[in-house]
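Undergrad: structure of the sequence below:
(one chain, ligands or ions: 1)
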Amino acid sequence: MKRILITGAAGFLGSHLCDRFIAEGHEVIAMDNLITGDLKNIEHLFPLERFTFYNHDVTNFVHVPGELDYILHFASPASPIDYLKIPIQTLKVGAMGTHNLLGLAKEKNARFMIASTSEIYGDPLVHPQTEEYYGNVNTIGPRGVYDEAKRFQESITMAYHRFHGLDTRIVRIFNTYGPRMRLNDGRVIPAFMGQALRGEDLTVFGDGSQTRSFCFVDDEIEGIYRLLMSDYTLPVNIGNPNEISIKDFAEEIIKLTGTDQKIIYKPLPKDDPMQRQPDITKAKEILGWEPKVGREEGMRKTFEFFKGLSKEELEKTEHRDFTTHNKK
Ligand code: UDP
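TA: Residues are numbered from 1 along each chain as shown. The predicted model follows:
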């Protein structure tokens with residue numbers, strides 16, 4: 001049995017990771033400050049003896065009593081609407097939070113993994129994105145707070161690896177979806193599904209020709225798990241290479257939800273990447289991993305989850321406005 005600290009444990013990916021490590025028979029120490037996470041994602045784990053929860057902000061000194069085998073740092077706002085609302089916290093959790101947790105990993109001699117992101121590639125000029133691509137990021141744009149925090153996070157993690165010999169892993173996560181996504185996080189999948197369920201038209205930003213490649217959460221978790229268990233210390237892309245334009249995707253959602261909504265067009269947010277598709281050659285070769293769940297099946301399961309939300313939850317929506325990144 002291993003002892004694992006997971007930060008961002010009440011979030012979308014964090015909570016699925018908790019489930020996975022509990023299912024593997026390990027002890028999970030979950031940490032979250034609940035800014036964007038939600039306890040209902042991990043409520044079912046509270047009765048277990050192998051599960052402990054700390055309500056803590058990792059940008060402050062982190063202490064966990066006892067030994068730790070693995071630390072998985074998954075705490076971070078991760079949707080464009082959140083970066084606009086809490087830009088400073090986004091920078092701090094990627095920078096100071098990572099530094100604190102690296103210190104803890106060194107102290108405990110624990111293996112350390114960070115949740116990096118396709119956002120480090122920015123609006124990519126290389127397609128599909130390989131791990132060797134350095135990216136095209138606007139440091140001062142609305143997404144810069146996330147992108148640069150994640151780039152710094154990779155950098156400091158490699159520095160601890162090289163300078164202190166810390167055992168580290170870097171996963172670059174591409175767009176992932178599935179049950180427990182936050183309905184009001186402004187991202188395209190909860191946005192479209194919420195709109196379909198409320199009987200509203202689907203809002204496509206720009207002309208919808210921008211592309212994304214969506215990975216179902218079960219596949220993503222399997223890839224992350226395999227990378228953690230491997231001995232590979234350089235970054236690895238984990239995502240589904242099946243690419244689709246946002247307009248075609250909106251049409252798929254209309255078909256899936258069986259609604260008669262129309263598509264309406266809104267301005268394209270600033271610095272919205274025009275294309276995104278992971279090159280997963282490394283994951284295939286090193287981890288023997290590739291996604292198994294097709295978009296149709298994954299979206300069906302995700303829609304079932306959103307259908308199960310209460311009417312009050314469904315009404316809680318956020319509207320994205322990317323024309324400004326000022327506070328007011
Ligand atoms: N998008 C959209 N309508 C929405 C929300 C998002 O057309 O209501 C677009 C957005 O502009 C982007 C894509 O969908 O091109 C994916 O957006 P998301 O926020 O999910 O993730 P990211 O941009 O970080 O990949």
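Undergrad: for this protein, which residues are neighbours of the ligand?
TA: Listed as neighbours of the ligand in the chain under the rule C-beta under 6 Å from any ligand atom: 79-80, 175, 187-188, 191, 203-205, 210, 212, 246, 269, 272. For every residue, glycine as well, the C-beta is placed using N, CA and C.
Undergrad: quick one: find the helix or strand in the chain with the lowest mean pLDDT.
TA: Across the helices and strands of the chain, mean pLDDT, DSSP states H and E gives its lowest value to helix 311-315, namely a mean of 87.
Undergrad: give me the contact list for that one.
TA: Helix 311-315 has contacts (C-beta atoms under 8 Å, 6 or more residues apart in numbering) with Leu183, Gly194, Leu197, Arg198.
Undergrad: in it, what's buried?
TA: For helix 311-315, burial by neighbour count (16 or more other C-beta atoms under 10 Å) applies to Leu314.
Undergrad: any chance you could map the helices in the stretch 151-300 of the chain?
TA: Per DSSP state H, counting those that start in this stretch, the stretch 151-300 of the chain has helices spanning 188-198, 217-229, 246-257, 281-282, 295-307. These are given in chain order.
Undergrad: which strands and helices lie in contact with the last one?
TA: On a contact count with 3 or more C-beta pairs under 8 Å, 6 or more residues apart in numbering; DSSP states H and E, helix 295-307 meets strand 176-177, helix 188-198, strand 215-216, helix 246-257.
Undergrad: could you tell me the angle between it and helix 217-229?
TA: Put simply, helix 295-307 runs at 110 degrees to helix 217-229, going by axes from the mean of the first three to the mean of the last three C-alpha atoms, to 10 degrees.
Undergrad: got the angle for helix 295-307 vs helix 246-257?
TA: Using the same axes, to 10 degrees: helix 295-307 against helix 246-257 is 60 degrees.
Undergrad: pull out the buried residues from helix 295-307.
TA: For helix 295-307, the neighbour count (16+ other C-beta under 10 Å) marks Arg295, Gly298, Met299, Lys301, Thr302, Phe303, Phe305, Phe306 as buried.
Undergrad: residues contacting the residue lying farthest from the centre of the chain?
TA: Most distant from the centre of the chain: Asp260, at 30.7 Å, with distances by C-alpha atoms, centre = their mean. Each residue near Asp260 by C-beta under 8 Å, 6+ apart is listed here: Ile254.
Undergrad: and it, how far from Gly199?
TA: Distance of Asp260 to Gly199, given as C-beta to C-beta, to the nearest Å: 9 Å.
Undergrad: ok, now Lys40?
TA: Counting by C-beta to C-beta, the gap from Lys40 to Gly199 is 25 Å.
Undergrad: what bridges to the nearest residue to Val137 once chain neighbours are set aside?
TA: In space, and not counting its chain neighbours, Val137 is closest to Gly122: 3.5 Å by C-beta to C-beta, 6 or more residues apart in numbering. Beta-bridge pairing of Gly122 under DSSP bridges involves Asn136.
Undergrad: quick check: Gly122 touching Pro273?
TA: Yes - Gly122 lies in contact with Pro273 (C-beta atoms under 8 Å); the separation is 6.8 Å.
Undergrad: mind checking which of these two has more residues around it?
TA: More crowded of Gly122 and Pro273, by other C-beta atoms under 10 Å: Gly122, with 23 against 18.
Undergrad: for the more buried one, what are its contacts?
TA: Counting by C-beta under 8 Å, 6+ apart, Gly122 has contacts Gly135, Asn136, Val137, Asn138, Arg143, Asp147, Asp271, Pro273.
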